[in-house]
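[1] Sequence isn't available, so here's the structure alone:
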Ligand SMILES: Nc1ncnc2c1ncn2[C@@H]1O[C@H](COP(=O)(O)OP(=O)(O)OP(=O)(O)O)[C@@H](O)[C@H]1O
Ligand SMILES: Nc1nc2c(ncn2[C@@H]2O[C@H](COP(=O)(O)O)[C@@H](O)[C@H]2O)c(=O)[nH]1
């Protein structure tokens, strides 16, 4: 379970898309949200866009692995697709905020790897939100107002990437994934493999 969090606009979505294009072993956890669809976003691909009543029903039915209120909307990770992917031995990528990450951490999952993405500067963060041109000026202002609070959560993460240049950040993210996959406890069948080697097979 590879989690990416950051203040809004630091580059999680951009990095996630590039990682998914480069790595067939990992799939995105598509969140549910009550926020309005942005231009170009597709239902079921970027998010499952649901109304508040549907979201509340899903909470009542315990269908979320985690959920939170972010920027006045609800966001949540549907449980079933994540559990299905993990049981098939696939890795799952999460683009979620610090509240969701805390909820996953509280479940004590040993397979959780948390990466925090920082912008190079506050000015760059604001420029990125403006250049993305998908949110009205008041929404950009609201997200900038929350950025300092969100960034205070960086010590709760295992890795930190300062996203200056997207290609460098992608290389760093791929390195994290490679190193985590090479951890002894994540290499299933290693005992049998070494046993066979030691027996000269
Ligand atoms: N290293 C970078 N250098 C310059 N621009 C970048 C970089 N990384 C991302 N961007 C741009 O910044 C904007 C915001 O990026 P993105 O949408 O990926 O952020 P995000 O963290 O997913 O935001 P949100 O939390 O609001 O979903 C996009 O227009 C993206 O192209
Ligand atoms: N706790 C959760 N946070 C989520 C989830 N899906 C997205 N997010 C976070 O919300 C903000 C805003 O996203 P945006 O797409 O409206 O810009 C961002 O920090 C996302 O990481 C989720 O399922 N759970």
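    Received, thanks. Since we're looking at a predicted model, the values are computed, not measured. Ligands and ions are numbered 1, 2, ... in the order given.

[2] Wasn't residue 108 part of a strand?
    No - counting by DSSP: H, G, I helix; E, B strand; the rest coil, residue 108 falls outside a strand, being coil.

[3] list the buried ones in stretch 3-23?
    Going by neighbour count (16 or more other CB atoms under 10 Å), the buried part of stretch 3-23 is 3-12, 14-16, 18-19. Just so you know, the C-beta spots here come from the backbone N, C-alpha and C atoms, and that holds for glycine as well.

[4] Would you mind checking which of these is nearest to residue 185?
    Residue 185 lies nearest to residue 3 out of these, by CB to CB, at 18.6 Å.

[5] in a helix, that's where the closest one is, yeah?
    No - Residue 3 is assigned strand when assessed by three-state DSSP, not a helix.

[6] circling back: considering only the buried residues of stretch 3-23, which also neighbour ligand 1?
    Of the residues in the buried residues of stretch 3-23, proximity to ligand 1 by CB under 6 Å from any ligand atom holds for 6, 8, 9, 10, 11, 12, 14.

[7] and the buried residues of stretch 3-23, which of them are in strands?
    Here DSSP state E is the test, and those give 3, 4, 5 as lying in strands.

[8] Over to residue 7: give its phi and psi.
    Main-chain torsions, residue 7, degrees, to the nearest 10: phi -70, psi 150.

[9] Before I go, just wanted to say thanks for your time.
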